[in-house]
Each structure stands twice: as C-alpha cells, then as structure tokens.
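# Sequence first, predicted coordinates after that:
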Amino acid sequence: MIPRCDKLFGPGNAYVAEAKKQANALPAGPAVDMPAGPSELMVVADSAADPVVAAADLLSQAEHDKDAQVILVATTKTALQAILEEVEEQVATLPRAEIARASLGEARAILARNPDDVIEAINMYGPEHLALQTEDAGDLVDRIEAAGAIFVGGWAAETLGDYAAGPSHVLPTDGGARTLGGITTASFMTSMSVQYVNEEGARTLGPIAARLARLEGLEAHARAADYRSEA
C-alpha cells in the first residue's frame with residue numbers, strides 16, 4: 001500500500017500507467033508526473049547505419065514486454081531491409097524471444113523519402129526514446145520538437161541511457177513528448193508568486209484591473225480595485 005501523497009512519479013508498463021490515471025481521477029487524488037509506459041523506441045537509420053547495431057537497439061525495447069512499441073524509420077530500402085533481416089536473425093537467440101516477437105508483431109517500419117519526412121514522422125509520433133543513426137544525426141536534432149530522450153549517432157545506445165549515462169530516464173510515452181519533458185528536479189518542486197503592492201502601485205494598476213474586470217462583467221472584482229485606487 002502506497003501512503004497518501006500529493007504526486008505520483010515513475011515509469012512502468014500499461015498497468016502502472018492505468019493505475020496512475022485512475023488514482024489521479026479520484027476526488028482529491030494525487031497529481032501524476034506523465035504517461036510513462038509501455039516503453040517506446042524509434043530508430044532512424046540511413047545507409048551509413050550499422051544494421052547489427054540498429055537491430056539490437058530495436059530488440060532492446062521489444063524485449064521489455066509485449067506492449068513495447070518499436071518503430072524503424074529508414075531513408076533507403078537497402079537500409080530498411082538489412083535492419084529487418086538482422087532483427088529476425090537476432091531475435092531467435094534472445095532468452096525473451098517470445099516477448100520480443102509479440103512486440104515486433106505490432107512494430108512498424110517506415111521508408112522516408114527525404115529528411116522532411118523523417119522529421120515529420122518523429123514529431124508526429126513523439127517517441128519516448130529516439131535513436132538517430134544517420135550521417136546527419138547532429139543536424140536533425142535541431143529540428144526535433146517531440147522526443148523524450150534523443151541518442152545521437154551509432155555509438156549512443158539507448159541502453160546507456162537506461163543504466164549509465166543519465167540523466168533521468170522517466171520519460172513521456174504515448175505521444176506525451178509533444179507537451180511534456182522527462183522528470184527533472186523541477187518535477188518535484190512547485191513555484192509561487194508573491195506580490196507586494198504599495199499605495200502608488202494600487203493607484204496605477206487599479207484602473208487597469210477594474211476596466212478589464214468590468215469587460216468580463218465582474219463588478220465585485222472591479223470595485224475591489226477601485227476602493228484601493230480611489231482611496
């Protein structure tokens with residue numbers, strides 16, 4: 001049993017995400033950080049990508065659970081086919097092959113015609129994890145608007161982010177990256193505004209506030225400003 005709290009944090013699978021959603025819907029229920037599960041990975045590859053590495057990355061997500069989402073975006077048919085063939089070869093040797101195959105059954109492979117298509121696919125999907133295994137990986141980064149964590153270049157394995165490289169690896173899923181970032185220290189903090197107003201400030205701001213309040217039909221609001229500015 002989790003003690004009553006103000007906010008729930010953390011990643012998980014579909015069950016964890018649903019539990020957080022239901023807890024948040026309770027009267028006076030806790031806030032939640034973000035939809036964080038099931039896991040997702042989008043790999044973007046061109047002809048320079050190593051098919052063995054790209055396939056290993058895809059499978060590293062597919063073995064999480066049957067609901068893990070795996071997307072391949074390739075810029076050439078040759079790269080796409082080579083990676084898919086390598087995925088099939090590698091999955092047969094995995095201890096969690098059954099789980100990985102179930103995930104792969106819902107996976108998608110996309111052939112992009114040009115860099116604009118690549119960027120469109122990324123930003124529409126908003127992947128939790130995004131691996132850029134292309135010659136122009138660094139140039140693509142500046143155009144990406146929605147991704148939880150980006151791994152730039154063939155050396156940057158998503159697994160490193162999971163276990164060693166950091167920073168936080170609680171990241172938005174299910175398109176959440178279009179509006180949310182990953183957990184940071186700011187996620188555990190709140191902010192407040194504090195206003196000190198003297199007589200001169202009240203006389204200056206009061207008429208402005210009162211006029212706007214009356215435009216909204218809120219006479220009591222307007223009078224609260226008037227009484228201060230006319231004192």
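Structure's in. What do you need?
# going forward, measure contacts and count neighbours with C-alpha atoms only.
Fine.
# residues making contact with stretch 64-82?
14, 38-47, 49, 51, 58, 61-62, 99-104, 106-114, 118 (C-alpha atoms under 8 Å, 6 or more residues apart in numbering).
# Show me the contact partners of the lowest-mean-pLDDT helix or strand in the chain.
Least confident helix or strand, the chain: helix 14-25 with a mean of 90, by mean pLDDT, DSSP states H and E. By C-alpha under 8 Å, 6+ apart, the surrounding residues in contact with helix 14-25 are 8, 11, 29-32, 35-38, 67.
# now, which of those sits nearest residue 197?
Nearest to residue 197 out of the contacts of helix 14-25 is residue 31 (C-alpha to C-alpha; 32.6 Å).
# for stretch 135-142, what is the average pLDDT?
On average, the pLDDT along stretch 135-142 is 94.
# Now that stretch: buried residues?
Going by neighbour count (16 or more other C-alpha atoms under 10 Å), the buried part of stretch 135-142 is 137, 140.
# Stretch 47-66 now?
In stretch 47-66, counting by 16+ other C-alpha under 10 Å, buried: 47, 49-66.
# likewise stretch 144-162?
The neighbour-count check on stretch 144-162 (16+ other C-alpha under 10 Å) flags 145-154, 157-158, 161 as buried.
# can you put the contacts of helix 14-25 in a markdown table and add pLDDT, distance to residue 83 and neighbour count?
Formatted as a markdown table, these follow (pLDDT from 0 to 100; distance: C-alpha to C-alpha, whole Å; neighbours: other C-alpha atoms under 10 Å):
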| residue | pLDDT | distance to residue 83 | neighbour count |
| --- | --- | --- | --- |
| 8 | 92 | 38 | 18 |
| 11 | 84 | 29 | 19 |
| 29 | 94 | 45 | 17 |
| 30 | 96 | 43 | 18 |
| 31 | 95 | 41 | 16 |
| 32 | 93 | 37 | 18 |
| 35 | 81 | 30 | 26 |
| 36 | 84 | 27 | 26 |
| 37 | 80 | 25 | 24 |
| 38 | 88 | 23 | 23 |
| 67 | 93 | 21 | 23 |
